[in-house]
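Enquirer: Starting from these lines, generate the structure:
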Amino acid sequence: MSYARTWGIGLLGLAGHLVEVEADLANGLPGLVLSGLPDAALSEARDRVRAAIVNCGEPWPNRRTTVNLQPAALPKFGSGFDLAIAVALLIGNGRLPAAPFHDVVLLGELGLDGTLRPVRGILPMVNAAAQAGLRRVVVPLANAHEAGLVPGVEVVPVDTLGRLVAFVRGAESLPVPPAVGAPAEPDGPDLADVVGQQLGRLALEIAAAGGHHLAMIGPPGSGKTMLAQRLPSILPPLDDAEAVEVTSVRSIAGVLAAGSGLVRRPPFQAPHHSATLPAMVGGGSGLARPGAISLAHRGVLFLDEAPEFGTQVLEALRQPLEERRISLMRTRGATEYPAHVQLVLAANPCPCAKPAGDLACSCPPQVRRRYLARLSGPLLDRIDLQVYLHPVTSAQLMHGEGSAPVPEPSAVVAERVLKARAVAAARWSSGGWRTNAEVPGQALRGPRWRLPRSTVEPLRRHLDAGTLSARGYDRVVRVAWTIADLHGRARPQDTDIHQGYAMRTGEAV
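Expert: Just a heads-up that it's a prediction; the model follows:
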């Protein structure tokens, strides 16, 4: 037999594509030609595969050999096709039967000694195989646990090419991967640690209940970072589809811990203010890797000291915040990653950042304006909640003394958030939206959900006066719906609109 076919998976972002690996062995000058838009790492597969086959004791076919990866128009990246190419060559050379590999996906990188090495992105690859109807996948032993996270797929772990060849011939058994219990995700910080800051706690609860973006401005020590770090603790856990998606992003980025299960808690990403544009949105040669905004998908992207970030980095967030995905254009095509995040910004009111706040500030007014102006108007217009936090008082700090209330823990707040989200999801289910922040303005202003003119009249005045944009109008209404959900009201009332406007602008409506 001089022709053989096996199956692999190619990744473009999170999208996996079934790739047919064809091998044709013909008479002629010995050599191996690899076609089908391979990148540099894949083009080097001819040398890795040759050494792996020979070092496993199998003869190399001294014939004119062509390996084609279909569809040919789809760019192929990485070394994950090595095993599929090697098996196709062995079948074409008559060293292995074709039947055992019918409808079997082969994934893995080969070392020169035939060792099968792990590759990134196994989870989305196996998920793509399952969606394509192929239910058996051969993976490197080190990737077996991650591959097993996809339900309904038989995972065949292999440590070397020689072991796989011997197994197919019935001469040896395959290794059994060690039993690894998925480690419990550690508990994050709790809201009970935050004393005082009732406005900040309220803004955090509204943000969690409605999926709103949040900006907090205040002097050092006012609790901005503590509040932001505790936002994931009051967000609902990820469902199955979200967990697979979030875990897949981490798998592609290579940050998924060995032996870990599906990520069930909303992720939290807090890049340093020196982060570059590719680090934030994704990038790299060949297949663009996900950046911080994609690693925070279905979770929180926290930018501490936000004005210190580069202007390009901040402005690059505007489009993903609206579209909830990011498309990275490269010479060989586009790669798309999800970016459905809750953005939380924290900023000092001025460069001097005196702990006592405005009373001790030594910055001239123009310096203060210039500092906060680093957060552009178009970016802030996309932030639903913008609150100013004042320093904590001694009475708030010593909450255990006297009659000062004890701060609510995250579990209590999370319960209210979960109920509010359930109400919103039921209300917007016909449109496919799950949180108030996702609802487009057309739906909010449509006949079914339009609020009475008397309720939104203050917003209309600000809109006509130019002190509120059309986007800002919709965002205040969304926040008002969330406030109503938290209070168990069927529709927002005047007080909800007033509070929503105040939480966005810091001013009375």
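
Enquirer: Low-confidence stretches in the stretch 251-400 of the chain?
Expert: For the stretch 251-400 of the chain, applying pLDDT under 70 flags the ranges 285-287, 331-333, 355-360, 394-400.

Enquirer: what's the nearest residue to Ala296 if we skip its chain neighbours?
Expert: Gln269 (3.9 Å; CB to CB, 6 or more residues apart in numbering). (Each C-beta comes from the backbone N, C-alpha and C, glycine too.)

Enquirer: Now do the same contact list for that neighbour.
Expert: Residues in contact with Gln269 (CB atoms under 8 Å, 6 or more residues apart in numbering) are Ala292, Ile293, Leu295, Ala296, Gly299, Val300, Leu301, Phe302.

Enquirer: taking the residues you listed one by one, which sit in helices?
Expert: Ala292, Ile293, Leu295 (DSSP state H).

Enquirer: Could you find the residue nearest the spatial middle of the protein?
Expert: For the chain, the residue sitting closest to the mean C-alpha position, by CA atoms, centre = their mean, is His297 at 2.9 Å.

Enquirer: Who does the spatially closest residue to that one that is not a sequence neighbour form a beta bridge with?
Expert: Sequence neighbours aside, Pro338 is the residue nearest to His297 in space, at 4.7 Å (criterion: CB to CB, 6+ apart). Under DSSP bridges, the beta-bridge partners of Pro338 are Arg325.

Enquirer: so what's Pro338 up against?
Expert: Pro338 neighbours (CB under 8 Å, 6+ apart): Leu14, Glu245, Val249, Ser294, His297, Arg298, Arg324, Arg325.

Enquirer: could you redo the last one with a cut-off of 10 Å?
Expert: By CB atoms under 10 Å, 6 or more residues apart in numbering, Pro338 lies in contact with 13-14, 242, 245-246, 248-249, 290, 293-294, 297-298, 320, 324-326.

Enquirer: Go through the contacts of Gln269 and say which is closest to Leu343.
Expert: Leu301 (5.3 Å; CB to CB).

Enquirer: does the closest one really touch Leu314, like I thought?
Expert: No: the criterion here is CB atoms under 10 Å, and Leu301 misses it with Leu314 at 11.8 Å.

Enquirer: coming back round to it: now the contacts of Gln269 in CSV, please, with extra columns for neighbour count.
Expert: Below are the contacts of Gln269 laid out as CSV (neighbours: other CB atoms under 10 Å):
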residue, neighbour count
Ala292, 22
Ile293, 26
Leu295, 24
Ala296, 27
Gly299, 22
Val300, 23
Leu301, 28
Phe302, 26
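
Enquirer: and which of these is nearest to Gly78?
Expert: Among the contacts of Gln269, and counting by CB to CB, the member closest to Gly78 is Leu295, at 19.3 Å.

Enquirer: Quick check: that closest one vs Leu141, distance?
Expert: Distance, Leu295 to Leu141, by CB to CB, to the nearest Å: 27 Å.

Enquirer: sorry, back to before: return the set of residues that bridge with the residue nearest to Ala296.
Expert: Residues in beta-bridge contact with Gln269 (DSSP bridges): Leu301.
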